[in-house]
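1. Just the structure for this:
(chains A and B)
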Amino acid sequence: MTNSKLPRIHKDQNAWIDLTLSKAALMIASIVIFSAFYQLSTDFNDLQAQDQLDAEAFGLKNAIDDIGSSSLDNIRKNATYTFNDKNIARAIVTGEYVRLEKNRNGIIFYSVKPLTFKTIPLKEEDLRNILATNFNGNDGTEDHTIDTNAATVLEILSIKGREELILNTGKRVHIEKTPIYIKNNTEVNKIELVLVYQ
Amino acid sequence: MNLCLFISDERAILEPHNDIIATALVVIGFVIFAAVMSKAYLTYDEQSSSIENYEEASRIAESVASWEELRGSRPDIISAKELDLIAEPITDAEMHKRFFGKFTSNNHFSVDIRTDDGKYHWEIKKEEYPETGNLIAASIPIIIETTPAQHITGTVTVRTWGHQW
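-> A predicted model of the protein is given here:
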């Protein structure tokens, strides 16, 4: 039965099998191409979401570093930053970096931007309290200079700088620059710090 | 003559191959499109990263030029005498510490200050870090006070490298 049919297929001049096979191949190829298009567009959407998060993190880093690079004599010693993207799941600032997290379709996106200038995630009041506790009541203001070297002060501040401050993305972030006056023998110098708080 | 034969050929030998050619063209087109888009994205990503690093180097340069402790007789002038204290070889370690205390510890950079006439050159660096990775440099013009009577134009060049985030 089978052997008798096979020569007939070979001799068939209507090309139905060719046509069916080619159409089937075309359908499979179309499915593959469409799924590749879909995958590509999904990947580009993910990249776009990552870029948006990077832009937001860069915006916050820029705002902090702009204040950090300004001179203390400058009129603009403080600034505020408002998040444009309200869908950020988590925003963290430490003395070393800014880190933002976003959740999109079950995928978590991260963006980390290193800070350039020495930053402490504290209010000025809290900073002065910490300094006063560590240096016999001297809080590093012009009237209460700290009698030590820069290394000691920087070491204490770097411990505080490692702590993470979780930011509320619906609220403004306050950024300001403040000096810490230190006295080494008779010479009074200052260390400049950027404070970030809400 | 040949074209006429080709059109009037009813054996349908070419019919299935037309589909294959059309499919192949779509696949090639898609691959080229995907490759061009990926290349464009990678170029954009690389350039935006370089711009970010350049902005950072530029900010550090501005901060160095405006640091109060380096000021000469006027606010916009840098004192060569003060530069001598923190440039290599370091003579005032405490001032050198205060200088780098302004920046976070994850920054790897060195500062080159030179006069335009090439007579004076200072190099300020934190530690002996090898200059690896993406090296970016930014320069800004400054005026250097070599003596109270002599002011020379020069540049501050900041080189940053080695961010691994």
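
2. drop to CA atoms for contacts and neighbour counts, all remaining ones
-> Noted.

3. show me where chain B has helices.
-> Secondary structure of chain B (DSSP state H): helices at B:2-8, B:15-65, B:80-86, B:93-101.

4. quick one: the second one to helix B:93-101, angle?
-> In this case it means helix B:15-65. On the basis of axes from the mean of the first three to the mean of the last three C-alpha atoms, to 10 degrees, helix B:15-65 is oriented at 150 degrees to helix B:93-101.

5. I'd like the average pLDDT over helix B:15-65.
-> The average pLDDT for helix B:15-65 rounds to 85.

6. And that helix, what does it pack against?
-> Applying 3 or more C-alpha pairs under 8 Å, 6 or more residues apart in numbering or on different chains; DSSP states H and E, one finds that helix B:15-65 contacts helix A:16-69, strand B:136-147, strand B:150-160.

7. got the ones you listed as TSV, with distance to B:Ile32, mean pLDDT and mean neighbour count columns?
-> As requested, the helices and strands packed on helix B:15-65 are exported to TSV (distance: least, C-alpha to C-alpha, whole Å; pLDDT from 0 to 100; neighbours: other C-alpha atoms under 10 Å in any protein chain shown):
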stretch	distance to B:Ile32	mean pLDDT	mean neighbour count
helix A:16-69	13	86	16
strand B:136-147	33	89	19
strand B:150-160	37	89	20
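
8. Output those as a markdown table; include the columns distance to A:Ala151.
-> As requested, the helices and strands packed on helix B:15-65 are exported to a markdown table (distance: least, C-alpha to C-alpha, whole Å):
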| stretch | distance to A:Ala151 |
| --- | --- |
| helix A:16-69 | 20 |
| strand B:136-147 | 28 |
| strand B:150-160 | 23 |
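
9. Any idea which of these gets closest to B:Lys125?
-> Comparing the helices and strands packed on helix B:15-65 against B:Lys125 with C-alpha to C-alpha, the closest turns out to be strand B:150-160 (10.1 Å).

10. just checking, what packs against the closest one?
-> Contacts defined by 3+ C-alpha pairs under 8 Å, 6+ apart place strand B:150-160 against helix B:15-65, strand B:109-115, strand B:136-147.

11. close to chain A, is stretch B:80-96?
-> Yes: on the criterion C-alpha under 8 Å from any C-alpha of the partner chain, stretch B:80-96 is in touch with chain A at B:Glu94.

12. Next, format the helices of chain B as JSON lines and append mean neighbour count.
-> As requested, the helices of chain B are exported to JSON lines (neighbours: other C-alpha atoms under 10 Å in any protein chain shown):
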{"stretch": "helix B:2-8", "mean neighbour count": "8"}
{"stretch": "helix B:15-65", "mean neighbour count": "16"}
{"stretch": "helix B:80-86", "mean neighbour count": "19"}
{"stretch": "helix B:93-101", "mean neighbour count": "18"}
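
13. Tell me which residues touch the residue nearest to the spatial centre of chain B, please.
-> The residue lying closest to the centre of chain B (C-alpha atoms, centre = their mean) is B:Ile136, at 3.4 Å. B:Ile136 is in contact with B:Ser50, B:Asn53, B:Tyr54, B:Ala57, B:Arg159, B:Thr160, B:Trp161, counting by C-alpha atoms under 8 Å, 6 or more residues apart in numbering or on different chains.

14. Repeat the analysis, applying 7 Å as the threshold.
-> With contact taken as C-alpha atoms under 7 Å, 6 or more residues apart in numbering or on different chains, B:Ile136 is in contact with B:Asn53, B:Tyr54, B:Arg159, B:Thr160, B:Trp161.

15. For chain A, what's its nearest residue on chain B.
-> B:Phe103 (4.1 Å; C-alpha to the nearest C-alpha).

16. you'd agree that residue is up against A:Phe117?
-> Yes: with contact defined as C-alpha atoms under 7 Å, B:Phe103 reaches A:Phe117; the gap is 4.1 Å.
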